[in-house]
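Peer 1: structure of the sequence below:
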Amino acid sequence: MIVGSFIIYLVSRKISEPILEAARLSERMSGLDFNVKFSEGKDEELELLGKNMNQLSETLELTISELKTANNELQRDIEQKEQTDQMRKEFLSNVSHELKTPIALIQGYAEGLKECINDDDESRDFYCDVIMDEAGRMNRLVRNLMTLNELEFGDEDMVMERFDLAGMIHTMLQAMQILFEQKDVRLVFDAPEPVYAWGNEFKMEQVLNNYISNALNHVDGEKVVKITLKRKEGHVRAGVFNTGKPIPEEDLERIWDKFYKVDKARTREYGGSGVGLSIVKAIMESMHQRYGAVNYENGVEFWFELDDGN
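Peer 2: Reported below is the predicted structural model:
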């Protein structure tokens, strides 16, 4: 009986140990621990069970990995949708705000003309001038928004070419010379030799036009606008500086946002819409180049960098 009991114990242990191991494996799998593997059993049925459990563990691990990946992508899509919805709401709100004033002025002065509030030619000319100015403001806003939309969401390829940046600036300043004279602004720019850089020449004209126009609209004090070109570590850095009030530090990062205006009253005075620097941002980022603004005691400098073409 003793010998028989010992033999039964050995046989039962041989049978139960793989089963207990499978139970421990399934318990750890239920806790999402997929590092454990079933050791090979001597019995054919138990060995088959172990292989199936190992395969189940690998399949569950792969499935959970795919689920987590899909959940992460879904969460990102939800966040992007919420961000897009918020941007759309802000965009519509800003456009409505920008168009509200010129539309109201056009309507008011048009009604005045229709009702013949003032019969003299001078008053009628004034009313017509206001209507034309406000219509022009709306037209510029719409064109800038279309340009910005093409840059941010369009599929247009950004063609990079080697061009003379100094020559382009000289040509632009010659065309804008009358604006400097009208505002009694002293222009400083001295770059006699060609300065070649890599970029999209047409888009860079837009960037420089925004920078120079911005400088002319905000120049004050000594009334100096200075344009510089410097080579630095494989790049050409262009800067447009104007004397005047520095930009408040808390506004330096936000000036690139659509419709953001530091001085709303002055911006409206010269017909700005708060979109120009957003276009600069979109252009420079589409070419993967750096840009920014720096405050000085007597003014502000806006700058950008392009790859050196020399």
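
Peer 1: any idea how far Gly112 lies from Asp308?
Peer 2: Look at Gly112 and Asp308: by Cβ to Cβ, to the nearest Å, they are 58 Å apart. (Each C-beta comes from the backbone N, C-alpha and C, glycine too.)

Peer 1: quick one: Val159 from Gly167, how far?
Peer 2: On the measure of Cβ to Cβ, Val159 and Gly167 end up 19 Å apart.

Peer 1: who has more neighbours, these two?
Peer 2: Gly167 (14 against 10; other Cβ atoms under 10 Å).

Peer 1: now that one. Nearest residue, chain neighbours left out?
Peer 2: Pro194 (6.1 Å; Cβ to Cβ, 6 or more residues apart in numbering).

Peer 1: pretty sure that neighbour is touching Asp164, no?
Peer 2: Yes - with contact defined as Cβ atoms under 8 Å, Pro194 reaches Asp164; the gap is 4.6 Å.

Peer 1: the more surrounded of the two?
Peer 2: The residue with more neighbours, out of Pro194 and Asp164, is Asp164; 17 against 12, by other Cβ under 10 Å.

Peer 1: can you report phi and psi for the more buried one?
Peer 2: Dihedral angles of Asp164 (phi, psi; degrees, to the nearest 10) stand at phi -90, psi 100.

Peer 1: from Leu229, how far off is it?
Peer 2: Taking Cβ to Cβ, one finds Asp164 at 11 Å from Leu229.

Peer 1: for Ile64, same thing?
Peer 2: 57 Å.

Peer 1: these two: which is more packed in?
Peer 2: Neighbour count, other Cβ under 10 Å: between Ile64 and Leu229, Leu229 has more, with 17 against 12.

Peer 1: and that one, what element?
Peer 2: Take DSSP states H and E as the rule and Leu229 turns out to sit in strand 224-232.

Peer 1: okay, now the sheet partners of the next helix-or-strand element following that strand, with direction.
Peer 2: Following strand 224-232 in sequence order, the next helix or strand is strand 235-243 (DSSP H and E). If you go by DSSP bridges, strand 235-243 pairs up with strand 224-232 (antiparallel), strand 299-308 (antiparallel).

Peer 1: could you list the buried residues of the shortest one?
Peer 2: For strand 224-232, the neighbour count (16 or more other Cβ atoms under 10 Å) marks 224-227, 229 as buried.

Peer 1: for it, what is the average pLDDT?
Peer 2: Averaging pLDDT along strand 224-232 yields 92.

Peer 1: now do that strand: everything it contacts.
Peer 2: Residues outside strand 224-232 that contact it (Cβ atoms under 8 Å, 6 or more residues apart in numbering): 165-166, 169, 173, 180, 185-189, 191, 195, 212, 215-216, 219, 236-243, 299, 305, 308, 310.

Peer 1: generate a ChimeraX selection restricted to the buried subset of these.
Peer 2: A single ChimeraX command selects the buried members of these (16+ other Cβ under 10 Å):
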select :165,166,169,173,180,185,187,191,195,212,215,216,219,236,237,238,239,240,241,242,243,299,305,308
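
Peer 1: show me the shaky parts of the stretch 151-300 of the chain.
Peer 2: Per-residue confidence for the stretch 151-300 of the chain (pLDDT under 70) gives these ranges: 151-157, 192, 261-274.

Peer 1: mind doing that once more with 80?
Peer 2: Residue ranges of the stretch 151-300 of the chain with pLDDT under 80: 151-159, 190-192, 258-275.

Peer 1: follow-up on the earlier one: pull the contacting residues for the residue nearest to Gly167.
Peer 2: By Cβ under 8 Å, 6+ apart, the contact list for Pro194 reads 164, 166-167.

Peer 1: redo these as a markdown table? Include distance to Ile131.
Peer 2: As requested, those are exported to a markdown table (distance: Cβ to Cβ, whole Å):
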| residue | distance to Ile131 |
| --- | --- |
| Asp164 | 42 |
| Ala166 | 42 |
| Gly167 | 40 |
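
Peer 1: any idea which of the residues you listed is closest to Gln107?
Peer 2: Nearest to Gln107 among these is Gly167, at 46.4 Å by Cβ to Cβ.

Peer 1: that closest one is in what secondary structure piece?
Peer 2: helix 165-175.

Peer 1: next SSE downstream of that helix?
Peer 2: Going down the chain from helix 165-175, the next helix or strand is helix 177-182, by DSSP H and E.

Peer 1: which helices and strands sit right next to whichever helix or strand comes after that following helix?
Peer 2: Once the chain leaves helix 177-182, the next helix or strand it forms, by DSSP H and E, is strand 186-188. When contacts are defined as 3 or more Cβ pairs under 8 Å, 6 or more residues apart in numbering; DSSP states H and E, strand 186-188 sits against helix 177-182, strand 224-232.

Peer 1: understood, closing this out.
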